[in-house]
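Engineer: sharing a model that was predicted from the sequence below.
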Amino acid sequence: MAIELPEAQRLAQQIDAALKGKDIAGVLVPERAAPLVRQGFINLHTTILAHTTVAGAYSRGKWIFVELEPGRLMLFALETGGRLLYHPTGFSGPATYQTRIDFVDGSCLTVHISGWGFAKTVLRRELANETYPGRLGISPLDEHFTLTMLASMLDSAAPQLIQQAIMDQRTLAGIGGGYAQDILFRAGLHPKRTAGSLDSGEMRRLYDAIRTTLSLAVAQGGRTGEIDLYGHPGGYQPVMDAAHMGRPCPICGTPVTQITVLGAPTYVCPNCQR
Ligand SMILES: [Zn+2]
């Protein structure tokens, strides 16, 4: 599991509320994070960030953007096992983080990256040059994201699997492998269908399932398997994931099965998802 739109949104809101106005004192990147630094996943550094001030935070897609004055951004993206935790009275406990950002008032933020994840800073005016966060598509919850827009996205991605099409962050930012399973289940679509194979009724169902699933998850603060800035899990219980393997489908009672989609285990109801 990795953070997707609902979790990124919650973390960004919490960062905005907790850190706005704080001055950065320094950054600690321990030796164990050296491989991530070499690969360009972490570039936070005291000489760059000391004396900058947090001006606010927002999310786009699966990314969290922390605005710093003057003129910078900190960018976070967390894949499986990644965590971003706030410590209001300073850090205690086993130092397993890959980066720690210390604030002048004694509080700090720790970043845990296991596998793939980013903790970077860029000049705000250079964001567009960034491969991933500089090229994000529209949010599926944006009021301007319409059924017509989804239809045109699916049309452009016609030979790809639907799941691949709705997870392409450059066109639609925020859906990953976790929510895609719930979305396709709610839409009654099999993940191995191609984007170009949907009729207009199926497109409508897919559009509604995207909006319903993500709105529900945002309202509940993300999934139960992911934690927020304070270590608290979200309230959204996935309808289709590994925990449902072999158990009856909530709609028809057929046992849920596992298939492989884009190299990842994916759970489906073989009866409801056609
Ligand atoms: Zn079913």
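Structural biologist: Received it, and whenever you're ready, just let me know what you need.
Engineer: tell me the contacts of whichever residue of the stretch 51-200 of the chain sits closest to the ion?
Structural biologist: Going by C-beta to the ion, the ion is nearest to Phe185 of the stretch 51-200 of the chain, at 8.1 Å. (C-beta placed from N, C-alpha, C; glycine too.) Contacts for Phe185 were tallied using C-beta atoms under 8 Å, 6 or more residues apart in numbering; they are 209, 239-240, 268-269, 272-273.
Engineer: so it: helix, strand or coil?
Structural biologist: Here Phe185 takes the helix state, with states given by DSSP: H, G, I helix; E, B strand; the rest coil.
Engineer: with adjacent residues omitted, what lies nearest to Met74?
Structural biologist: Counting by C-beta to C-beta, 6 or more residues apart in numbering, Met74 lies nearest to Val66, which is 4.1 Å off, once chain neighbours are set aside.
Engineer: also Ala151?
Structural biologist: Once flanking residues are discounted, Ala151 sits nearest to Met203: 5.4 Å by C-beta to C-beta, 6+ apart.
Engineer: what's the helix or strand harbouring Asp208 in contact with?
Structural biologist: Element membership for Asp208, per DSSP states H and E: helix 200-219. With C-beta under 8 Å, 6+ apart as the test, helix 200-219 has contacts from 5-6, 9-10, 140-141, 147, 150-151, 154, 162, 166, 174-175, 179, 182-189, 198, 223, 234, 236.
Engineer: of those residues, buried ones?
Structural biologist: Neighbour-count burial (16 or more other C-beta atoms under 10 Å) is assigned, among these, to 5-6, 9-10, 140, 150-151, 154, 162, 166, 174-175, 179, 182-189, 198, 223, 234, 236.
Engineer: how about the residues of this structure near the ion?
Structural biologist: Counting by C-beta under 5 Å from the ion, the residues of the chain close to the ion are 249, 251-252, 254, 269, 271-272.
Engineer: mark which of those are buried, thanks.
Structural biologist: Of the residues of the chain next to the ion, these count as buried by 16+ other C-beta under 10 Å: 249, 269, 272.
Engineer: mind checking how far the second one is from Pro140?
Structural biologist: Using C-beta to C-beta, to the nearest Å, one obtains 23 Å as the distance from Cys269 to Pro140.
Engineer: cool, and the last one?
Structural biologist: In this structure, Cys272 lies at 22 Å from Pro140, with C-beta to C-beta as the measure.
Engineer: how about Pro255, nearest residue that isn't a chain neighbour?
Structural biologist: Gly246 (5.3 Å).
Engineer: and that neighbour, how far is that from the ion?
Structural biologist: Per C-beta to the ion, to the nearest Å, Gly246 is found 13 Å from the ion.
Engineer: hmm, that residue is touching Thr254, no?
Structural biologist: No - under the criterion of C-beta atoms under 8 Å, Gly246 is not in contact with Thr254, lying 10.8 Å apart.
Engineer: please, where are all the helices along the stretch 101-250 of the chain?
Structural biologist: Taking DSSP state H, counting those that start in this stretch as the test, the helices found in the stretch 101-250 of the chain are 147-156, 162-166, 177-187, 200-219.
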